[in-house]
Each structure stands twice: as C-alpha cells, then as structure tokens.
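K.L.:
Structure of the sequence below:
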Amino acid sequence: MAENSNEPGTSKVEHTEEVGEDEVEEEEEEFLPGYQTMQEYSEALLKEVVKATKAANSLPGEGDDFDYYCSFPGFRTFCSKMESRVTRSISRLIRHQSLPCYWPPPPAQAPPTSGQGEEAGLVAMVEERMEAIIEANDVLLERVGVLMDEACGLRKKREEEEAVLLTAPLHQGTAEVASWNDIKSSGKKSKYSFMASRNVPRPQVRFRDQVDNGNSVFVPLLRSKPNARQPLPSVYQRLQNPQSLNALIANTKEWALVKEKYTHPYRFELENFVPTEAQLQLHESQAPGSLDEVPYQFISGEEELECLVTELSQCSEFAIDLENHSYRSFQGFVCLMQISTRNHDYIIDTLELRHLMYRLLDPFTDPRIVKVMHGADWDIPWLQRDFGLYVVNLFDTGVASHVLQLPKHSLAFLLQYCCGVEADKQYQLADWRIRPLPAEMEKYAREDTHYLLYIYDRMRNELIRRKRENQDPLRTTLSRSKDVCLKTYQKPTFREDSYLRLYYKHKRHFNSQQLHCLKLLYKWRDRVARDEDENTG
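P.N.:
A predicted model of the protein is given here:
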C-alpha cells in the first residue's frame with residue numbers, strides 16, 4: 001500500500017484492487033458514524049436544531065393557553081415525560097464533559113398541604129438550572145472555539161505551547177519564577193506567553209509623582225502650553241496645588257466654572273486647526289527599510305530624550321504607539337512609547353522617564369507636524385493621564401480605514417493589506433513592565449510604528465484620489481481624528497450605586513440582604529484597590 005499509494009500515475013480503481021477493501025475503508029475514514037465530513041454533519045445538525053426550535057415554538061406559551069392545556073391529563077403526562085428526558089440528558093452531558101456547574105436535583109416531594117412552599121422550591125430549582133445551563137453553554141462554546149481555532153491552524157494545540165516568563169533579574173540574586181512559568185524541557189521550539197507575575201517589581205513605587213487614585217476628577221498635568229493660540233488659563237496654577245484644589249471643590253459654583261475651563265487645554269487650537277497644504281497633496285509613498293536596516297534606539301536617559309525632542313521638532317510627520325499595563329494597577333500606566341520617523345525607530349522607557357515625558361509636548365502639539373497613530377481612542381487619554389501630553393494634527397489610520405470602508409480595521413490587517421507583513425500578535429498581552437525588555441518584545445513593539453508612516457502615505461493618497469465634488473474623504477478623516485484628540489481622560493469614579501452596574505450585568509436575583517452585602521463588598525474592594533493601586537479585577 002505504501003509503495004503504490006504515492007505514485008502519481010496510480011488511479012483510485014487500481015489502488016483499490018491492490019490494497020483491498022479493509023484498507024480502502026481505513027483510508028476513507030468517516031468523520032462521525034454516518035457522516036463523511038464536518039460540513040455534512042453540520043448541515044444535518046442544523047436541520048435538527050431548526051426542527052426542534054419549530055416544535056418548541058408550537059408549544060403553548062406561559063399564561064392562559066398553558067393553563068388550559070394543563071387541564072388535560074394527557075398533556076400533563078407528556079410534559080412530565082419530556083421534562084424527565086431533557087433534564088436527564090442535560091445532567092448526563094454536564095457529567096460527561098466535566099463542566100464546572102452545579103445541576104440541582106428536583107426538590108423532595110412535599111406534602112399536599114405545603115402549598116406556596118412547594119411552588120417556591122420549584123421556582124428556585126428552575127432558576128438554578130437555568131443558571132447552570134447558561135454557565136455550561138459558556139464553557140462549551142469556549143471549548144468549541146478553541147478546538148476550531150486549532151483545527152484551522154489559527155492556534156497551536158495546548159500540549160505544543162510552552163508558557164514561560166522572560167523577566168529581568170531582581171536587584172539582588174536571581175528572580176524566582178512560579179512553577180507554572182517554568183521552561184519545560186523539550187526538543188520543540190519555545191512558544192512564549194508573557195503574563196503578569198509576582199516577581200516583576202512594581203514600577204509605581206519608583207514614580208516621582210505619586211499616583212492619585214482618589215475619588216475625584218482628573219486634573220491635567222500641564223506645566224506649560226507650547227504652540228498656544230490661547231494662553232493657558234491661570235486656573236491651572238491653582239489646580240496644581242492640592243489645597244487650592246480641595247478649596248475649589250468645596251465651593252460648588254466656582255468649581256463648576258473651573259472644571260469647564262480646564263476640560264481640554266488645547267480645545268481652541270484643535271477646533272481651529274487647519275491642515276497644511278502638503279498634507280492635502282499627493283506624495284509618493286516612502287516604503288520603509290527592514291527592521292535590520294533602519295537604525296533603532298532604546299531611550300532611557302534624559303539626554304537621549306532631549307535629542308529625540310530636537311529631532312521630532314524638525315520632522316514633517318512621525319508615528320506614535322503606546323504599550324499600557326493595567327493588570328496590577330488601579331488606573332493603569334504606560335510602560336513604553338514607540339516613535340518612528342522616516343529613517344529611525346525609537347522606544348522610550350516611560351517607566352524610567354515618566355517625570356520627563358512632558359518635554360515631548362512641543363512636537364506633539366505643533367500643528368505643522370503630522371502625528372500618525374492607529375486606533376488612538378485609548379492612547380490619547382493615556383498620554384494625558386500619565387504625562388500631560390496632548391496631540392494636535394493627528395492622522396488616525398484606524399479612522400481612515402473606516403472612511404475607506406476597508407473590510408477590516410485592525411493594525412494587523414493594515415500591515416498585511418498595505419505592506420504584506422504578517423503581524424505576530426503573540427505578545428499582545430505581554431507584561432510590558434519587564435526590564436530589561438527581551439529582544440522579542442522589542443521587535444514586536446517596533447513593528448507597531450515601523451510601517452505606520454508608509455501605511456499613512458498609502459491611505460492619504462487613496463483618500464485624495466476618492467475626492468468628489470461633494471465629498472472629501474481626507475478632510476473627513478482629519479476631522480474625525482481631531483475628535484479623537486479632543487477626548488479627555490476620566491478617572492474611575494465611585495458612587496454609592498456603582499455596585500448596581502455589576503449586579504445588572506450578571507442578571508442575578510438577590511434579596512435585600514444579599515444586595516446590601518454586595519454593596520458593602522463592592523465599596524470595600526474599590527477602597528482597597530485605590531489604596532494599594534491594584535486592579536479591581
């Protein structure tokens with residue numbers, strides 16, 4: 001069989017005669033008994049689901065119709081039998097799949113005089129079973145999704161993955177790695193899954209400006225206002241003083257006026273922004289060199305940062321991206337900033353230079369320089385929160401992809417669509433606090449901005465080509481990008497009824513005591529998370 005089956009000239013009939021019936025059956029193995037392929041099984045299963053749905057919809061609904069039919073003994077007997085069959089099947093499935101949910105048995109037979117007590121027991125059992133079904137469905141659908149990704153080759157099988165943590169050594173000695181992060185010895189190529197771990201030092205303890213997790217409004221961290229067309233209001237000087245701020249908040253009327261004034265310090269400049277003529281004209285797209293060809297610098301010192309500010313001020317455009325960490329912090333903080341010019345890539349260690357990042361405000365707010373970002377809806381508020389940085393003249397490639405009505409809008413798609421680069425997203429959930437930064441993570445971070453200016457060239461030219469008498473897609477993109485820049489950071493606030501969002505989200509049914517307990521727990525968790533700068537999750 002092995003010799004002839006691989007010969008290109010061998011027909012299926014000849015092969016059958018040589019190998020025999022048993023081996024042919026083995027070669028054409030069924031997907032499931034009675035089904036040759038997954039497609040055939042799926043179609044048959046769908047038909048049965050449709051039939052079952054139609055049959056269920058034809059049953060009398062809750063109310064008068066159901067009560068009427070229940071007056072017939074035959075209908076009651078039918079319902080009882082079907083109930084037993086369905087609940088028995090669900091119970092078997094839960095046991096067979098080892099699902100982590102509790103399937104309550106039917107309540108013990110109560111005496112006829114129990115009345116409302118028996119009815120209440122049935123209602124409670126039904127509610128518990130419905131919760132169990134919902135939980136079981138969630139687990140099963142998640143497993144199905146994982147298995148389908150494995151079958152399609154989108155995800156490696158679990159036994160082929162190796163979760164390790166690349167981490168910097170602690171100040172003294174060797175970093176301890178948890179057992180689940182050990183590197184398993186095997187001959188296969190390692191697959192890195194970067195996760196948060198207790199052995200990564202908390203950068204917050206080294207921040208020069210103490211993190212403000214108080215349940216108060218966010219105060220912009222502005223020291224000055226370069227490129228201003230309207231001066232920075234004097235109220236900002238008062239807002240930087242905690243005592244003055246508390247006094248203002250105590251005076252409700254004055255605080256309302258102050259809050260309105262500092263909503264966005266660059267609102268006037270953004271609302272009156274006019275793009276340069278060069279931005280509105282066609283230009284030849286400048287393809288970037290490879291990562292090995294383009295110079296790269298990791299910036300962690302003050303002098304290096306000053307040199308970068310000088311270079312950016314002389315550019316006509318540059319690309320920006322951020323890597324944020326929120327798993328072990330209440331509000332989160334930016335760990336890295338990636339910047340790419342036409343001929344250089346930079347990564348700034350924002351944990352080390354957090355107190356000096358405000359020096360980038362001049363090139364960031366210069367209306368003559370285009371700042372290119374992708375999906376900046378989160379990045380813009382993060383820049384305000386951590387560094388007091390604002391952006392004027394933004395081109396958001398995520399916005400442009402929507403204006404161009406592309407089939408997808410992710411950066412990974414644009415890299416493939418515009419540059420033919422297959423993005424490696426295995427470090428998307430990496431712990432960016434790790435220092436020194438592993439080479440694999442540096443490469444991943446660089447790729448987020450390295451190609452972005454070329455994508456900008458391609459998209460801007462396409463937007464200009466699509467201009468019509470009553471449509472200007474490029475100006476539409478710039479206008480929507482400006483709206484992104486006008487976003488302001490809002491601190492997580494706590495109100496006495498905040499716990500209700502959690503309660504309604506999970507669709508629980510609590511009595512008054514349980515609800516009061518939830519309220520107190522929610523308030524306690526929020527207070528501890530703020531005090532210890534930990535994520536409430």
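K.L.:
Spell out which residues make up each domain of the protein.
P.N.:
Annotated domains of the chain cover 1-58, 68-108+118-155, 267-485, 494-532 [automatic domain parsing].
K.L.:
first to last residue in the shortest one, what's the distance?
P.N.:
The separation between the terminal residues of domain 494-532, taken as C-alpha to C-alpha, to the nearest Å, is 16 Å.
K.L.:
Identify each buried residue in it, please.
P.N.:
499, 503, 518-519, 522, 526, 529-530 (16 or more other C-beta atoms under 10 Å). The way it works is simple: take the backbone N, C-alpha and C, and place the C-beta from them, glycine included.
K.L.:
of these, closest to Asp431?
P.N.:
Ala529 (18.9 Å; C-beta to C-beta).
K.L.:
quick one: Pro295 from Gln210, how far?
P.N.:
Relative to Gln210, Pro295 is positioned 37 Å away (criterion: C-beta to C-beta, to the nearest Å).
K.L.:
Ok, Leu147 next?
P.N.:
Taken as C-beta to C-beta, the span from Leu147 to Gln210 is 48 Å.
K.L.:
Just want to know which of the two has more residues nearby.
P.N.:
Neighbours were counted for Leu147 and for Gln210 using other C-beta atoms under 10 Å; Leu147 has more, 12 against 8.
K.L.:
hang on, the more buried one in a strand?
P.N.:
No: Leu147 is assigned helix when assessed by DSSP: H, G, I helix; E, B strand; the rest coil, not a strand.
K.L.:
On the pLDDT front, check His509 for me.
P.N.:
Per-residue confidence (pLDDT) for His509: 86.
K.L.:
so what's it closest to, chain neighbours aside?
P.N.:
Glu127 (6.9 Å; C-beta to C-beta, 6 or more residues apart in numbering).
K.L.:
so the one you found sits right up against Lys507, yeah?
P.N.:
No: between Glu127 and Lys507 no contact is recorded; they are 10.8 Å apart, counting by C-beta atoms under 8 Å.
K.L.:
For my notes, confirm Ile339 occurs in a helix.
P.N.:
No: secondary structure of Ile339 (three-state DSSP): strand, not part of a helix.
K.L.:
can you pull the pLDDT of it?
P.N.:
98.
K.L.:
residue boundaries of the strands in the stretch 251-400 of the chain?
P.N.:
Assigned by DSSP state E, counting those that start in this stretch, the strands in the stretch 251-400 of the chain fall at 296-299, 317-325, 333-340, 345-349, 370-373, 394-396.
K.L.:
Which of those strands sits closest to Ser89?
P.N.:
That would be, of the strands of the stretch 251-400 of the chain and by C-beta to C-beta, strand 317-325, which comes in at 45.9 Å.
K.L.:
For the closest one, enumerate the helices and strands it packs against.
P.N.:
strand 333-340, strand 370-373, helix 379-387, helix 439-450, helix 452-465 (3 or more C-beta pairs under 8 Å, 6 or more residues apart in numbering; DSSP states H and E).
K.L.:
could you list every residue that touches the nearest residue to Lys225 once chain neighbours are set aside?
P.N.:
Nearest non-adjacent residue to Lys225, counting by C-beta to C-beta, 6+ apart: Leu232, 3.9 Å away. Residues in contact with Leu232, defined by C-beta atoms under 8 Å, 6 or more residues apart in numbering, are 222, 224-225, 265.
K.L.:
Kindly recompute the last result at 7 Å.
P.N.:
Counting by C-beta atoms under 7 Å, 6 or more residues apart in numbering, Leu232 makes contact with 222, 225, 265.
K.L.:
what's the closest of the strands of the stretch 251-400 of the chain to Gln428?
P.N.:
Across the strands of the stretch 251-400 of the chain, closest to Gln428 is strand 317-325 (C-beta to C-beta), at 9.8 Å.
K.L.:
picking that back up, pLDDT added to the buried residues of domain 494-532, as JSON lines?
P.N.:
JSON lines is the format used below for these (pLDDT from 0 to 100):
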{"residue": "Tyr499", "pLDDT": "90"}
{"residue": "Tyr503", "pLDDT": "88"}
{"residue": "Leu518", "pLDDT": "93"}
{"residue": "Lys519", "pLDDT": "94"}
{"residue": "Tyr522", "pLDDT": "95"}
{"residue": "Asp526", "pLDDT": "96"}
{"residue": "Ala529", "pLDDT": "95"}
{"residue": "Arg530", "pLDDT": "95"}
